[in-house]
Each structure stands twice: as structure tokens, then as C-alpha cells.
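**Student:** Mind folding the following:
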Amino acid sequence: MIQEMWQTILQTVKGYSPREKVFLLACMLCSFFISADYALVRPVSNSLFIQNYGAKLFPVAWALSVPLNLAVVYLYNRFIAKLGCFKIYSLVALAIVIGNVCLGIWVKNHPSLSFVFYVWKDVYVMLMFQLLWSVIHSTIELSRARYLYGFLFSIGALGGLSGSLCASKYSLIIGTESLLFFTPAIYGLLTISYYLLIRCSGGVDVKIEASMKKGASLKDSAALIKGSKLLLAILAMVVLMQVTATLTDFQFNTYLEKIYPDKDLRTSYFSRLLAYGNLLTMSFQSIGVYLFIRYLGKFKTHLMIPLILGLNCIAYLFYPVFGMISYSFLTIKCFDFSLFNVIKEMLYIPLKTEEKFRAKALIDVFMYRGAKVLASFFVLLAQLYMAPSMSAMLSWINLGLFCTWVYVVVSIRRFYVDSDALASSPANSF
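**Tutor:** Reported below is the predicted structural model:
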């Protein structure tokens, strides 16, 4: 089966033109470098935040991230058609490099910067992936996506694995803050890769400009979502995934703060855990996604995700220890970056270009982080009324959300079937 999968991918790639092969290579490199940088900065931001504010203030950071998310989505929709993908990318990349370097220099003397960085890093990585995947969606046809999307995601997981291993090793040698000095080199290579991506995309900026002549306000983007049952369902699933992942993240970090009070040791442990997660994610994306989608189909595969995560909740309720919550955290993050993301991205492909850029930006940039406001509400509620059994309360909330998730997937079963039919149709070009 695995041999057949790789033969299918190789046969697909052999049929590409030289331009298409360079485009695919650029996709892989961009996915690798974005994920590698995030795997480095995430444990840094997490550890610094706990060091200076404690895990109990994570809900405050999640809530305050909403205005920044909203501003980023507005500016993205406002200028993407005017400036084009590469100019938008260049501005954001420059801000990322300058911000990370300055933080690495100043955060020891200005601890409050760790709060700002914790919020900013989640926003910028989602915007980077938005700039990458919107170009991919507008260039690769659905018939080829079923073979390539899992592979492209697995390359991203390989980048995440590399970044996590680097952070785990060097956090104890050069210190947590100094890991941020890797960002300029990573983004230098990423910029070259993204330039190749745009050059070989077949005029993606022209497609964007032609499809986005109408208003690009947040209200227009929200109207696109409101008018589509599929987009509403994707929105609901994104919110459910992010709320449940955030609640699990909070449970994990509460334990992490108690067990690893030393900043660099905490960074090292968190990085090692993320390395295991990226290794599992890479396995799912390179092999598991193909096998699941082929033998179960996208609908059953997606249905399987909330069912397994729900079982994890039940297991933690019976066995509430650090090992179990670490496993639950690892599982939900693995599913988020592998099976869930691949299937979700495939659902966008039949949509119009303006929906792929404007509506997708609102869902994948704003709602990905905006969902944390709902999660923060649940956490604050549990802290206020259920402090002695707060962790168990959060697991019961997650269990209810997983049941809701199952209902949402079942409600759009037809779209999975239609997508499978489209994916099996012949195509001769990107």
C-alpha cells in the first residue's frame, strides 16, 4: 500500500512541467522553513510567558490576541489585491525578523515583551501559512491535491521536527532567549523559496486581483461565510478544534509549570515533546493521511478525529496525571497539524478564489486565534467556580465540544462525497 502510494505520487510528479516541479519544490521548502521557525519560537514564547506571568494568565493573553488578529485580517484583506502576495509576505517577514531579534536582545531586561511576543508569534505563523496555502489552493487542482497535500504537510512536519530538536538541544547550551537569533537565517531561506513559489504560480496575483475587485472589508468576508453552508461548517470545525486544543494546552501547561520550574529545562522538555509530535505528524502526513483517505474516505477520517480525542478526555478523567495530559496534548496537536488540516484544506479547493483568500483569511487567521477567547472564557469560568477540580471540568467541556464536532461533520457529509468525486476526475495541469 505504501509502495503504491509513493508510485502514485512519483507518477503524478513526472507528469508535471519544469515550472510545476519548481513550484512543488518551492511549496515544500516554504512549508519546511515556516514550520521550523515556529517549532523554535513556540517553546521560547511558552517558557518565557510562564517564567514572567505564570500559566494562569494564558487566558488573558488569548483574549487580548483578538484585536491583533482582527487588525491583521483587515489589513490582509485590504491590501492583498493591491500589493500582491510577495509584497505582503516581505513586509510581514521583515517585521518577524526584526521583532524576534530585538526580543532576543531585550527580553531579559524587559520581561513584559514576553507577553507581546506570545500573542504575536501565533498571529504571524498563521499569516505565513495563509500566504502559502492560498497560493497553493489557487494553483493546484483538486484531482492532484489528494496525493500531494498530505506530502506537503509532512514536509512541514519535518521542518517542525528539525526546529524542535534544535530548540531542545540548544536551549540548555545558549539559553532560551538566544534561540530567537535563528530566525533571520530561516527567513532568509524562506524568502528565496517564496519568491520561487510566486514566480512559478502561473500569475496568482492576477487571479487574486480579478476575483477581489469588490469590497475587501471584514463585513464582505463574513458575508461570504454566511452565504455558504460549507464555509460555516469549516468555521465551526476550526473553532471546535482550536477551543478543545487550547483547553488541553492549558491543562498541560498547568502541569508543566509545576513540574519544570526552571525556564531552560522547561523549554527543553517542551521542545522534545514537540519533536515527538512532529515525528508522529510527519508519519501521519506522509503515510497515514493517504491510507486513511483512501480506505476510509475523507468523511470517516474526519469523523474519527473527534471520536478519538473524546476517548482521550474520558481516559484523562479516570487517570489525571502529567503523562496522560501530555499524551492528550500530543494527540490533539498531531491531529490538528495532520489529518484535520489536510482534510480541511481540501474542503476549500472547490470554492471560488475570493472565498479561498478573503473568507479563508477570516477563518484561518482570525478565527483560529479568535476561538481562544471562547477557550479563555471556559478557563476563567472553571477557575472561578471549580478551582479544586478545574482540570476535570475542562475535560468535561471538551467532551461536550467533541460531540458537537461529530454533529457538524455529519451535517456536511454531502460535501465530502462531492469532493471525493471531484478529486477522482482527470486533470492535465496545475
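**Student:** Tell me which residue lies farthest from the centre of this structure.
**Tutor:** For the chain, the largest distance from the centre (CA atoms, centre = their mean) belongs to residue 388, which lies 32.4 Å off.
**Student:** Got the confidence number for that one?
**Tutor:** We have a pLDDT of 72 for residue 388.
**Student:** Distance check, it against residue 111.
**Tutor:** 30 Å (CB to CB, to the nearest Å). Placement of C-beta: from N, CA and C, glycine included.
**Student:** And residue 178, by the same measure?
**Tutor:** Residue 178 is 16 Å from residue 111, by CB to CB.
**Student:** what do you get for residue 399?
**Tutor:** 37 Å.
**Student:** okay, the two: which has more neighbours?
**Tutor:** The neighbour comparison of residue 399 against residue 111 (other CB atoms under 10 Å) goes to residue 399, with 19 against 14.
**Student:** so what's that one closest to, chain neighbours aside?
**Tutor:** residue 313 (4.6 Å; CB to CB, 6 or more residues apart in numbering).
**Student:** what about the one you found, how many residues close to it?
**Tutor:** Residue 313 has 23 nearby residues by other CB under 10 Å.
**Student:** Okay, and it sits in which element?
**Tutor:** Using DSSP states H and E, residue 313 maps to helix 297-318.
**Student:** Which parts of that helix count as buried, going by neighbours?
**Tutor:** Going by neighbour count (16 or more other CB atoms under 10 Å), the buried part of helix 297-318 is 298-299, 301-306, 309-310, 312-313, 316.
**Student:** Give me the lowest-pLDDT entry from the residues you listed.
**Tutor:** Scoring the buried residues of helix 297-318 by pLDDT puts residue 298 last, at 80.
**Student:** ok, so what distance separates it from residue 134?
**Tutor:** 21 Å.
**Student:** swap in residue 374?
**Tutor:** Distance from residue 374 to residue 134, by CB to CB: 25 Å.
**Student:** So between the two, which is more surrounded?
**Tutor:** Per other CB under 10 Å, whichever of residue 374 and residue 134 has more neighbours is residue 134, with 23 against 18.
**Student:** And what about that one, helix, strand or coil?
**Tutor:** Each residue gets one of three states, and residue 134 gets helix by DSSP: H, G, I helix; E, B strand; the rest coil.
**Student:** Local confidence estimate at it?
**Tutor:** Predicted confidence (pLDDT) for residue 134: 77.
**Student:** and if you look at residue 243?
**Tutor:** 93.
**Student:** what do you get for residue 185?
**Tutor:** On the pLDDT scale, residue 185 gets 95.
**Student:** in the host helix or strand of it, what counts as buried?
**Tutor:** Assigned by DSSP H and E, residue 185 belongs to helix 183-199. By neighbour count on 16+ other CB under 10 Å, the buried set for helix 183-199 is 183, 186, 187, 190, 191, 193, 194, 196, 197, 198.
**Student:** In contact with residue 337, which residues?
**Tutor:** For residue 337, the contacting residues are 153, 156, 157, 160, 277, 281, 285, by CB atoms under 8 Å, 6 or more residues apart in numbering.
**Student:** Closest one of those residues to residue 223?
**Tutor:** residue 153 (30.2 Å; CB to CB).
**Student:** Point out where the stretch 51-200 of the chain drops to low pLDDT.
**Tutor:** 140-151 (pLDDT under 70).
**Student:** quick revisit: out of the contacts of residue 337, which comes closest to residue 256?
**Tutor:** residue 277 (14.3 Å).
**Student:** For burial, what's the neighbour tally of that closest one?
**Tutor:** There are 24 residues near residue 277, going by other CB under 10 Å.
**Student:** and it, what helix or strand is that in?
**Tutor:** helix 263-283.
**Student:** which other helices and strands contact that helix?
**Tutor:** Counting contacts by 3 or more CB pairs under 8 Å, 6 or more residues apart in numbering; DSSP states H and E, helix 263-283 packs against helix 18-53, helix 142-170, helix 229-259, helix 322-335.
**Student:** In CSV: those, plus mean neighbour count.
**Tutor:** Formatted as CSV, the helices and strands packed on helix 263-283 follow (neighbours: other CB atoms under 10 Å):
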stretch, mean neighbour count
helix 18-53, 22
helix 142-170, 22
helix 229-259, 21
helix 322-335, 19
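**Student:** got TSV for these, with distance to residue 79 too?
**Tutor:** Below are the helices and strands packed on helix 263-283 laid out as TSV (distance: least, CB to CB, whole Å):
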stretch	distance to residue 79
helix 18-53	20
helix 142-170	26
helix 229-259	22
helix 322-335	32
